[in-house]
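Chemist: Just need the structure, nothing else, for what follows:
(chains A, B, C and D)
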Number of protein chains: 2
Amino acid sequence: MREPSTLSEVAELPESDTDAKPPRRSRAESREQAINQIIDIATNEFVEKGLAGARIDEIAGKATKRKIYYYFEGKDELYRAVLARAYAQVRESEAEVDIESGNAAEALRRLIEHDVHYHARHPELVRLVMNENIHRAEHLKQIPTLPQGNRRVIEILQAILSRGEAEGLFRAGIDPVDLHLNLTALSFYNVSNQFTFAHNFGVDMTSDEAIARRAQQVGDIILAWVTKKD
Amino acid sequence: MREPSTLSEVAELPESDTDAKPPRRSRAESREQAINQIIDIATNEFVEKGLAGARIDEIAGKATKRKIYYYFEGKDELYRAVLARAYAQVRESEAEVDIESGNAAEALRRLIEHDVHYHARHPELVRLVMNENIHRAEHLKQIPTLPQGNRRVIEILQAILSRGEAEGLFRAGIDPVDLHLNLTALSFYNVSNQFTFAHNFGVDMTSDEAIARRAQQVGDIILAWVTKKD
DNA sequence: CATTTATGTAACGAACTAGTCCCTAACAAT
DNA sequence: ATTGTTAGGGACTAGTTCGTTACATAAATG
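Modeler: So this is what the prediction gives:
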């Protein structure tokens, strides 16, 4: 066993895993934890101020700043890491939506509900995407892992559209990319533009009730559009 | 904007001019022209880089920089001026839409067409609004002239909705603010998010055909939603 | 002509900021 | 324990950015 060194050594038990404060974190664990912590903090800052507006010195105290340059090449790579994780989390959540049970209209409504709620509850994603668009997606383009995840959404929508058509519920000839565009536009805008809209029209769009109402309405709109009428 | 008025343009000479040596440029004219020129240049820069990303020294050469500090208090006031002019121009264009002729559905479609085209042809407005939302509308809130212009849009939509209901075309109970939200969301998103969307799904949304198609589709969607079915 | 207004050029310094250096602590292997 | 490696704390730096001033001068005004 080791002698407790005078400074910051607290009784450390090598094997017996009491959930004591300094559990022996392996290097890999510690590393991953540090990186995630940095991305957490950086997400807040980038989301708040954008890439150019964010200040490394405010993302972090002196200490964390040093870590940033230890684990990342610099501000830009950190920003890309923030972006990549946010997108990865969206994809993850999308994979969990049930698009099997019920008829196609019900499945589509579930997807819409999910979209509206996800955007409303994850304004940080919305803001990051806005930021990317202000920068003409130049950072997004440097992240190689994204394209396939996006194709999946289209496949899902295509499947629902085909099923709905087969069930005699939906019109034919609806482009799944159009559907995705409209669906996302209606879920995205009221988060992305909440501040100007709230100011200009004096409405709140952030309450649970407002979000639930929004999800309902977006469902109504999209379904009115795709539904076969006769 | 006014006449270019290089030389020999008469500004105002009602009384005290015998043989009228034409003044070259009046102070007021020159001033207005200088301000507009600065706002032109600044709009480009802010639209491209955002408020924090924009660099005064790049907005202007040394000369124009001097003018900026002559006519504006600084970067922030210049930014507000850019914002205010962009909004003023939207309002101006909205006032020109014909919402009288034809039935309510036709009037609404004309309004939608206008919205889609205006957003598509004025990405600088879209970008400024995005920027404002990233900054939680803090600069917009400092511009006092906006609220009434926005109320006008709602009044217009309310008028169309009432007329449509009276004509037996539209459902009752549609909130004009909701209508505006949905309408704008569908016109705004495909401009605001064109870069991420184009990258993720490989589509172009900027061609004249794409815009015309978009206008048509947004019209279809909104009308499907508000139309009374029976 | 004299005065005021506008503008071109340059320079400056204070404040910031991204990124780096040096050194120590924690951990791992021997 | 000794030694080497990984991680990180604190201060520093080199380079920008911004706002401002000084100065000259041109143009409009009276």
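
Chemist: can you pull out the helices in chain A?
Modeler: A:27-53, A:56-59, A:62-71, A:75-94, A:104-121, A:123-134, A:147-166, A:176-192, A:194-201, A:208-226 (DSSP state H).

Chemist: nearest to B:Gly74, of those helices?
Modeler: Closest to B:Gly74 of the helices of chain A is helix A:27-53 (Cβ to Cβ; 16.6 Å). Yep, even glycine has a C-beta here, placed from its N, CA and C like the rest.

Chemist: How far does the closest one sit from its chain's centre?
Modeler: 14 Å (Cα atoms, centre = their mean, to the nearest Å).

Chemist: could you give the angle of it to helix B:27-53?
Modeler: Here helix A:27-53 runs at an angle of 180 degrees relative to helix B:27-53 (axes from the mean of the first three to the mean of the last three Cα atoms, to 10 degrees).

Chemist: same for helix A:27-53, what does it pack against?
Modeler: Counting by 3 or more Cβ pairs under 8 Å, 6 or more residues apart in numbering or on different chains; DSSP states H and E, the packing neighbours recorded for helix A:27-53 are helix A:56-59, helix A:62-71, helix A:75-94, helix A:123-134, helix B:27-53.

Chemist: Now the helices of chain A in CSV, please, with extra columns for mean neighbour count, mean pLDDT and distance to B:Arg80.
Modeler: Formatted as CSV, these follow (neighbours: other Cβ atoms under 10 Å in any protein chain shown; pLDDT from 0 to 100; distance: least, Cβ to Cβ, whole Å):
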stretch, mean neighbour count, mean pLDDT, distance to B:Arg80
helix A:27-53, 16, 90, 17
helix A:56-59, 14, 86, 24
helix A:62-71, 13, 88, 33
helix A:75-94, 18, 93, 27
helix A:104-121, 20, 98, 29
helix A:123-134, 22, 95, 18
helix A:147-166, 16, 93, 37
helix A:176-192, 22, 98, 21
helix A:194-201, 20, 96, 14
helix A:208-226, 18, 98, 29
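
Chemist: would JSON lines of the ones you listed with distance to DNA strand C be doable?
Modeler: Below are the helices of chain A laid out as JSON lines (distance: least, Cβ to the nearest atom of the strand, whole Å):
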{"stretch": "helix A:27-53", "distance to DNA strand C": "5"}
{"stretch": "helix A:56-59", "distance to DNA strand C": "3"}
{"stretch": "helix A:62-71", "distance to DNA strand C": "4"}
{"stretch": "helix A:75-94", "distance to DNA strand C": "4"}
{"stretch": "helix A:104-121", "distance to DNA strand C": "28"}
{"stretch": "helix A:123-134", "distance to DNA strand C": "15"}
{"stretch": "helix A:147-166", "distance to DNA strand C": "27"}
{"stretch": "helix A:176-192", "distance to DNA strand C": "24"}
{"stretch": "helix A:194-201", "distance to DNA strand C": "22"}
{"stretch": "helix A:208-226", "distance to DNA strand C": "34"}
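
Chemist: out of these, which comes closest to B:Pro123?
Modeler: Shortest distance between B:Pro123 and these, using Cβ to Cβ, is found for helix A:123-134: 10.1 Å.

Chemist: Could I get the CA-only coordinates of that closest one as PDB?
Modeler: Extracted in PDB, the C-alpha atoms of helix A:123-134 (Å, rounded to 0.1, in the frame of the first residue of the first chain):
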ATOM      1  CA  PRO A 123     -33.500  24.800 -28.100                       C
ATOM      2  CA  GLU A 124     -29.700  24.300 -28.000                       C
ATOM      3  CA  LEU A 125     -30.000  22.200 -31.100                       C
ATOM      4  CA  VAL A 126     -32.100  24.700 -32.800                       C
ATOM      5  CA  ARG A 127     -29.700  27.500 -32.000                       C
ATOM      6  CA  LEU A 128     -26.700  25.500 -33.200                       C
ATOM      7  CA  VAL A 129     -28.400  24.800 -36.400                       C
ATOM      8  CA  MET A 130     -29.300  28.500 -36.800                       C
ATOM      9  CA  ASN A 131     -25.700  29.300 -36.200                       C
ATOM     10  CA  GLU A 132     -24.600  26.800 -38.800                       C
ATOM     11  CA  ASN A 133     -26.800  28.400 -41.300                       C
ATOM     12  CA  ILE A 134     -25.500  31.800 -40.600                       C
END
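
Chemist: ok, back up a step: same list, the helices and strands packed on helix A:27-53, but as JSON lines with distance to B:Leu183 please.
Modeler: Output for the helices and strands packed on helix A:27-53, formatted as JSON lines (distance: least, Cβ to Cβ, whole Å):
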{"stretch": "helix A:56-59", "distance to B:Leu183": "38"}
{"stretch": "helix A:62-71", "distance to B:Leu183": "43"}
{"stretch": "helix A:75-94", "distance to B:Leu183": "26"}
{"stretch": "helix A:123-134", "distance to B:Leu183": "20"}
{"stretch": "helix B:27-53", "distance to B:Leu183": "23"}
